[in-house]
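K.L.:
need a structure here:
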Amino acid sequence: MAYIVNKPGKQPSPAPRTSKLVVSDLDYVSVSPLNLEELRRMRILIVDDTPDNIDLVKAMLEKSGFTNTLSAASGSDALASLRAALKDGVCDVDIVLLDVMMPKMDGYEVCRIIRAHG
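P.N.:
Below is the predicted model:
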């Protein structure tokens, strides 16, 4: 069964079951089951300062049917991509795969900024 993490402050999607998923060691968030086709339609932002890593993640996702991806080579590029993806105050990026160790702005800082504006 596949799960998606709901954005903080939003109620989980109606589902037969919900559970808790630990995200880092920050807190707990609600998760709801989704089917695979719903997951494959999601827009995924891949953030990594190593181009080969981005290519590898994209190839792995595409092999599994996840083709709606975009990428960013730095934390600031990722935040710019997320701002550009805002339409009427809603971001159309569903999942961010974030490298933790990047120069200038590491993944933890990017995550803090995303959470502060979520």
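K.L.:
how many residues are close by D55?
P.N.:
When counting by other CB atoms under 10 Å, one arrives at 13 neighbours for D55. In this view, the C-beta of every residue, glycine as well, is placed from N, C-alpha and C.
K.L.:
the protein: helices as residue ranges?
P.N.:
Secondary structure of the chain (DSSP state H): helices at 36-40, 51-63, 75-84, 107-117.
K.L.:
could those go into a markdown table alongside distance to V93 and mean pLDDT?
P.N.:
Compiled in a markdown table, the helices of the chain are given as follows (distance: least, CB to CB, whole Å; pLDDT from 0 to 100):
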| stretch | distance to V93 | mean pLDDT |
| --- | --- | --- |
| helix 36-40 | 14 | 84 |
| helix 51-63 | 14 | 95 |
| helix 75-84 | 6 | 95 |
| helix 107-117 | 10 | 91 |
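K.L.:
tell me which of those helices lies nearest to V100.
P.N.:
Among the helices of the chain, helix 107-117 comes nearest to V100, with 3.9 Å by CB to CB.
K.L.:
from the helices of the chain, which stretch is densest packed?
P.N.:
Neighbour counts (mean count of other CB atoms under 10 Å) averaged over each of the helices of the chain peak at helix 75-84, with a mean of 17.
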